[in-house]
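Participant: All I have is the shape, not the residue letters:
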């Protein structure tokens, strides 16, 4: 599996993502935002961070980077695209995913472990999880409050495009377990085609026991398996 | 007072004549005084130059001979600190200290204060403090891997203190989060002693391969000096001089122009660009333009390189037209670096900076004449011998006499505070004091897990970061108890060292080296100089006994407002090496049925305790006695136990005493609260037994079958040991039984008291000034 990790000025989870891909025996390369050429890659990942300092709005400037045109093409052709945290924000700004990530309801940066429930285990990103599984994954963001208009929310729910939801340890999507005020406790969604996933939690930080959780591995192994002919 | 060192003026080559720049003010005694130079110091300037300085030169001397840059009141004392060990690669005098941590890796680390700016503009003051310390680390060639922050404020019931506190926390968070450097710990305390002057110290650790080390020196006649990064603006002018003065009630408004404004996004680009520059071999030296901006970076690089420099202010990229050489030289605009390019590599430097969307301009060159020469186009505006400027700052040994008030407080009879009517209620009051309670409100605003290497996050004894590709990790902590320092400065510094070392060994790390931040009041006052000297002496002793040399640090004096000084606060930033990640240990109890063991001995000491402060609003008594050799034995014992793999948890006993330490072990991170059933048999007054802050104590837990082995190892090291109880079930009761009373608290109350104390205070209306 050849994975492009897109690096924008201000990306800061690019290296973590790169190592996470390697940990599941994927082949990772950094692609600088000004570069072109996603040909030959099997998957594209947008890391977390503060692209362009989050100036204007998180992701608003990064989505205009030259490489994003290619990311759009790559996604349009059905290639798997994963955006984590700032990557999710960029995908929303670019229109590859619906909705927007607003400032957390606390108006504070939130950094801690959260529990998310796997809502769909039949996506290419989650096939190695069981549906309903509760994962422990860190979050670290100021703008993770997912919002969309009612019609969009209804469609996301009806079409089963909510992939991860904030829950408590027992798997219940309570208000207390919602770290940022996201509507319907949404932590991650996919596009219509199911090939573009955006999520606020950081699975790349939950890959090894020493980090407190290995629950993020399933995401990367799922993508790898989807790309490796059986 | 006596001037004790500095190059003798007679030895110096006199500076050539420099015409005053049109429009510059005339040099008068008032102007000299405004620049913070005493008449004696000004005489020295005249001696060095052999003539009257120009306005620009006066500004340069003012900055370089400020306490912040010149350490004129502390240098003499700092020489008493041990700085050497076989593992020290770089000691004091560079941007940061560097130690060898094995397997080809080196660790750069340093702490720095941003107290004065944070007092007048907490958000930017704290943010730029983080920015500055990060630059100190990556200019050594190291990639920053962790940040810690050591913070002190007045009482949290005051609206102004809350404004400072929340602004500082947000400033640190926004800057570090954007940079992608995890915050792994630190400390926060709240006490009247910091009402006027908050203390904001930021520490950073960076990792490099040994061979990647680069220094901040300028050598090679003719080599280009290049300004890289952000442009120079009119912010922070004379920040270094400002940081070396007392504040007054109107400092808020009038001093804002001396506070810098940070841009972490630019810094992130500068970080990547700098590391790429160093790796490219296109530069031979690099220095942060921090305090005193271009002036200090250029003159210090020349001083270290034994060379001279000539820089042209007309070539410095500026943010606005019309800036004078004086302003450009003394601006403390953030996110700038000065680099020395290898001959002919200027183009490579530019290309790397361009990739990161930053500027690089040649602003001058290295010379061999030993002078710090500043041009404005063709005009010379300053021409000063570099070495007397950087090294010739007069240093003083002041008179130090202990204050009478402190002697009275220390001698106070505390016997009336030894008994407790309602031990459980008093316990909850101490546990819920913001000084003891969970600091989650703070560190949930900091990214603690970015870089995917944080093995122990804030909330345990020390933060721990693993080193990828090895079995090793590094641990770091910052510690100081200002009340102890106030009551007895030498003991205060020794305790800060002892606590830091205990925090590291409890995390499974070998204490290896320290960086220090000496925060004090005005050293011209004898009782303050006494505090400074005593603290340095105590720290020096502990450094020797613990074999933890000082590799650098920061001195912040004049922390006074309207004549009232802060508590003497010698903050210790200690780093340790974890030899194997399997040794990493945290404070939380883990298994029901485990034995709870106390290492060290309980005493009847209550002086300077959090109990006296939180319950009786009293700062008095003598700090607990500290036996540095016993501390060293304790450290060795705990490490030996951890290496044998028989320790399930370990926690230092400090603020709030044994009772609060046990509560913290039971609470962990709050997800699963375990019960505690402890019986103490010491025949001691109840308040002292529960809340006394006797030194040399560690609470640990182990499987019951290992309890005997733990006791045997303690015996071998001569460390007192007692099995005091058992870890209870999840959601079990917290119970301490003593001969004079029982503390019995439900886990729910325990948890709410500890975790909700600070959020509850921050959400309540302020009762103090607003």
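Facilitator: Noted; the coordinates are in hand. Predicted, not measured: the structure shown is a model, and the values here were computed from it. Numbering: from 1, shown residues only, chains lettered A, B, ... in the order given.

Participant: Would you mind confirming that residue B:707 makes contact with residue B:593?
Facilitator: No. The criterion here is C-beta atoms under 8 Å, and residue B:707 misses it with residue B:593 at 11.3 Å. (C-beta placed from N, C-alpha, C; glycine too.)

Participant: what about residue B:170, how many neighbours?
Facilitator: By other C-beta atoms under 10 Å in any protein chain shown, 18 other residues sit near residue B:170.

Participant: do the same with residue B:160
Facilitator: Neighbour count of residue B:160, defined by other C-beta under 10 Å: 16.

Participant: For chain B, which residues are neighbours of chain A?
Facilitator: Proximity of chain B to chain A, by C-beta under 8 Å from any C-beta of the partner chain, involves residues B:170, B:173-174, B:177-180, B:263-266, B:268-269, B:356-357, B:443-455, B:466, B:468, B:581, B:584, B:671.

Participant: secondary structure class for residue B:111?
Facilitator: strand (DSSP: H, G, I helix; E, B strand; the rest coil).

Participant: Next up, the contacts around it.
Facilitator: Contacts for residue B:111 were tallied using C-beta atoms under 8 Å, 6 or more residues apart in numbering or on different chains; they are B:133, B:150, B:201-203, B:478, B:515-517, B:553-554, B:571, B:573.

Participant: switch the cut-off to 7 Å
Facilitator: B:201-203, B:515-517, B:553-554, B:571, B:573 (C-beta atoms under 7 Å, 6 or more residues apart in numbering or on different chains).

Participant: Taking those residues together, which two end up most distant?
Facilitator: Farthest pair in the contacts of residue B:111 (C-beta to C-beta) is B:202 and B:516. Separation: 13.6 Å.

Participant: Phi first, then psi, for residue 106.
Facilitator: Looking at chain A here, since you left the chain open. Backbone dihedrals for residue A:106, given as degrees, to the nearest 10, come out at phi -70, psi -10.

Participant: You answered for a different chain; I wanted chain B.
Facilitator: Phi and psi for residue B:106, reported as degrees, to the nearest 10, are phi -130, psi 150.

Participant: quick one: contacts for residue 87?
Facilitator: All of this is about chain A. Contacts of residue A:87 (C-beta under 7 Å, 6+ apart): A:45-48, A:198.

Participant: try again with chain B
Facilitator: B:99-100, B:512.

Participant: And it, its phi and psi?
Facilitator: phi -90, psi 0.

Participant: before we move on, back to that, of the residues of chain B next to chain A, buried ones?
Facilitator: B:170, B:173-174, B:177-180, B:263-266, B:268-269, B:356, B:443-455, B:466, B:581, B:584 (16 or more other C-beta atoms under 10 Å in any protein chain shown).

Participant: Looking at the residues you listed, which are in helices?
Facilitator: Of those, the ones assigned to helices by DSSP state H are B:170, B:173-174, B:177-179, B:264-266, B:268-269, B:443.

Participant: Now the residues you listed in a markdown table, please, with extra columns for pLDDT.
Facilitator: Formatted as a markdown table, those follow (pLDDT from 0 to 100):
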| residue | pLDDT |
| --- | --- |
| B:170 | 97 |
| B:173 | 97 |
| B:174 | 95 |
| B:177 | 96 |
| B:178 | 95 |
| B:179 | 96 |
| B:264 | 92 |
| B:265 | 92 |
| B:266 | 92 |
| B:268 | 94 |
| B:269 | 94 |
| B:443 | 97 |
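
Participant: So which residues of the stretch 1-150 of chain B form strands?
Facilitator: B:2-3, B:88-90, B:97-102, B:105-113, B:143-153 (DSSP state E, counting those that start in this stretch).

Participant: Can you name the residues of chain A sitting close to chain B?
Facilitator: Applying C-beta under 7 Å from any C-beta of the partner chain, we find that chain A lies next to chain B at A:9-10, A:12-13, A:16, A:19, A:49-50, A:52-53, A:55, A:108-112, A:138, A:140, A:204-205, A:207, A:210-211.

Participant: Next step: those restricted to strands.
Facilitator: Mapping the residues of chain A next to chain B onto strands (DSSP state E) picks out A:110-112, A:138, A:140.

Participant: Those residues: which two are farthest apart?
Facilitator: A:110 and A:138 (10.2 Å).

Participant: Those two: which has the busier surroundings?
Facilitator: residue A:138 (25 against 19).

Participant: The more buried one touches residue A:202, doesn't it?
Facilitator: Yes. Applying C-beta atoms under 7 Å as the test, residue A:138 and residue A:202 come out as touching, 5.2 Å apart.

Participant: list the contacts for residue B:635?
Facilitator: B:501, B:505, B:511.

Participant: what's the burial count for the residue nearest to residue B:563 when sequence neighbours are not counted?
Facilitator: Nearest non-adjacent residue to residue B:563, counting by C-beta to C-beta, 6 or more residues apart in numbering or on different chains: residue B:246, 7.4 Å away. Neighbour count of residue B:246, defined by other C-beta under 10 Å: 20.

Participant: and residue B:246, what does it touch?
Facilitator: Contacts of residue B:246 by C-beta under 7 Å, 6+ apart are B:522, B:558, B:560-561.

Participant: do the same with residue A:41
Facilitator: Counted by C-beta under 7 Å, 6+ apart, residue A:41 has contacts A:2-4.

Participant: so which of the residues you listed comes closest to residue B:488?
Facilitator: Nearest member of the contacts of residue A:41 to residue B:488, counting by C-beta to C-beta, is residue A:3, at 59.4 Å.

Participant: Can you give the distance from the host helix or strand of the closest one to the centre of its chain?
Facilitator: Here residue A:3 sits within strand A:2-7, counting by DSSP states H and E. Here strand A:2-7 is found 14 Å from its chain centre; the criterion is C-alpha atoms, centre = their mean, to the nearest Å.

Participant: mind listing what's buried in that strand?
Facilitator: Buried residues in strand A:2-7, counting neighbours by 16+ other C-beta under 10 Å, are found at A:3-7.

Participant: Residue B:345 and chain A: what is the separation?
Facilitator: 22 Å (C-beta to the nearest C-beta, to the nearest Å).

Participant: what's the closest non-adjacent residue to that residue?
Facilitator: That would be residue B:282: by C-beta to C-beta, 6+ apart, it lies 4.0 Å from residue B:345.

Participant: Would you confirm that the one you found contacts residue B:340?
Facilitator: No. Taking C-beta under 7 Å as the definition, residue B:282 is not a contact partner of residue B:340, at 10.1 Å.

Participant: With neighbour numbers in mind, choose between these two.
Facilitator: Higher neighbour count among residue B:282 and residue B:340: residue B:340, with 25 against 21, using other C-beta under 10 Å.

Participant: for that one, what are its contacts?
Facilitator: Residue B:340 is in contact with B:218, B:223, B:225, B:283-285, B:301, B:366, counting by C-beta under 7 Å, 6+ apart.

Participant: Quick check: of the residues you listed, which has the highest neighbour count?
Facilitator: Most neighbours among these, by other C-beta under 10 Å: residue B:218, with 30 neighbours.

Participant: Run through the residues that contact the closest residue to that residue other than its chain neighbours.
Facilitator: Using C-beta to C-beta, 6+ apart and skipping the chain neighbours, the partner closest in space to residue B:218 is residue B:301 (3.8 Å). With contact taken as C-beta under 7 Å, 6+ apart, residue B:301 is in contact with B:216-218, B:285, B:287, B:309, B:338, B:340.

Participant: make it 8 Å
Facilitator: B:216-218, B:225, B:285, B:287, B:309, B:338, B:340.

Participant: The strand holding residue A:3: partners in the sheet, and parallel or antiparallel?
Facilitator: When pairing is defined by DSSP bridges, strand A:2-7 lines up against strand A:27-32 (parallel), strand A:43-46 (parallel).

Participant: what does that strand contact?
Facilitator: Under C-beta under 8 Å, 6+ apart, the answer for strand A:2-7 is A:14, A:17-18, A:21, A:26-33, A:38, A:40-47, A:67, A:71, A:87.

Participant: List only those of those flagged as buried.
Facilitator: A:14, A:17-18, A:21, A:26, A:28, A:31, A:33, A:38, A:41-47, A:67, A:71, A:87.
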